[in-house]
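*Asks:* give the three-dimensional model of this entry:
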Amino acid sequence: QNHHMGTGRKSSHIYTAYKVGDCIEITHRRVAIIKYMGKLKDHRGQWYGIEFIDGSVGSHNGSYKGIYYFKGTDKRCEFIQRSDIRRKLKSKSNSTRNLHAIQSSGSNINNMLPIEP
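*Replies:* Model (predicted):
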């Protein structure tokens, strides 16, 4: 009876368990990685701290009211609720490497080390 799984039906999304590190699509077809899950100061309910990876503009860098919930790129992060999430995207193993390269943008210390002769 599993032949209809993965057809992108809206109802199946309700039962999806999301976790930090998941690649998701949210409203307006924006794509992001979940970087934080939990409470948000002065707000009720469960919140998701996300960082856009498709170039979408967010409103902060992982902080809210002076509290850092996660570390992200400035103006690339947002806090959303479950209702904003459309679906979990399958992050292919090779695309995660590319995303990491974009995020570190050559500032990775490991890449800068001199190669021993």
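
*Asks:* what is the rounded mean pLDDT of the one helix or strand Ile34 maps to?
*Replies:* Using DSSP states H and E, the element containing Ile34 is strand 30-40. For strand 30-40, the mean per-residue pLDDT is 98.

*Asks:* adjacent strands (with direction) for it?
*Replies:* Using DSSP bridges, strand 30-40 pairs in its sheet with strand 23-26 (antiparallel), strand 43-52 (antiparallel).

*Asks:* any chance of a markdown table for those strands, columns distance to Cys77, mean neighbour count and mean pLDDT?
*Replies:* C-beta coordinates here come from the backbone N, C-alpha and C atoms, glycine included. Formatted as a markdown table, the strands paired with strand 30-40 follow (distance: least, CB to CB, whole Å; neighbours: other CB atoms under 10 Å; pLDDT from 0 to 100):
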| stretch | distance to Cys77 | mean neighbour count | mean pLDDT |
| --- | --- | --- | --- |
| strand 23-26 | 12 | 18 | 97 |
| strand 43-52 | 5 | 18 | 96 |
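
*Asks:* could you dump those strands into JSON lines and include distance to Leu89?
*Replies:* Formatted as JSON lines, the strands paired with strand 30-40 follow (distance: least, CB to CB, whole Å):
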{"stretch": "strand 23-26", "distance to Leu89": "4"}
{"stretch": "strand 43-52", "distance to Leu89": "12"}
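
*Asks:* so which of the ones you listed is nearest Lys88?
*Replies:* With CB to CB as the measure, strand 23-26 is the member of these nearest Lys88 (5.5 Å).
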